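Visitor: show me how the following folds:
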Amino acid sequence: MIPLPPSTRIFLACGATDMRKGFDGLAVMTQQVLEESPHSGALFAFRGKRGDLVKLLWYDGQGMCLFSKRMDRGRFVWPSTKTGSVVMTAAQLSMLLEGIDWRRPERTFIPSLAG
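Guide: Numbers count the residues shown, from 1 in each chain. Have a look, this model is predicted:
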């Protein structure tokens, strides 16, 4: 996982993104579509049309960082809306990158008795 400061805001760009875009293309999309500054220190996540590739754009204070992850099997769980953005926590981002449905995580064990 990326060592993000605890105060980092995380935005998911809804809809599909052209995954041929690099630093500059995603930074422009951040400004025009998400209406956020790419140099704000927030992390911006973008997903491709097939759903198996995600790119993360983040300004760490010294320069832009671009991370990508492609799933061998399965798809990244993404909001169904086509426009706008969704704000998420670092824990939700971690689940998303692991292929877990971050919108409704379910516990596998619920204790029935205390002690």
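Visitor: buried residues of the helix or strand of the chain with the lowest mean pLDDT, list them for me.
Guide: Lowest by mean pLDDT, DSSP states H and E among the helices and strands of the chain is helix 90-97, with a mean of 87. If you call a residue buried by 16 or more other C-beta atoms under 10 Å, then helix 90-97 has these buried ones: Ala90, Gln92, Leu93, Met95, Leu96, Leu97. For the C-beta atoms, the positions are set from N, CA and C on the backbone; glycine is no exception.
Visitor: which strands or helices does that helix pack on?
Guide: strand 10-13, strand 43-47 (3 or more C-beta pairs under 8 Å, 6 or more residues apart in numbering; DSSP states H and E).
Visitor: what is the subsequent helix or strand relative to the longest one?
Guide: Toward the C-terminal end, the helix or strand that comes next after strand 43-47 (DSSP states H and E) is strand 53-59.
Visitor: give the other helices and strands that that following strand contacts.
Guide: By 3+ C-beta pairs under 8 Å, 6+ apart, strand 53-59 packs against helix 23-32, strand 43-47, strand 64-70.
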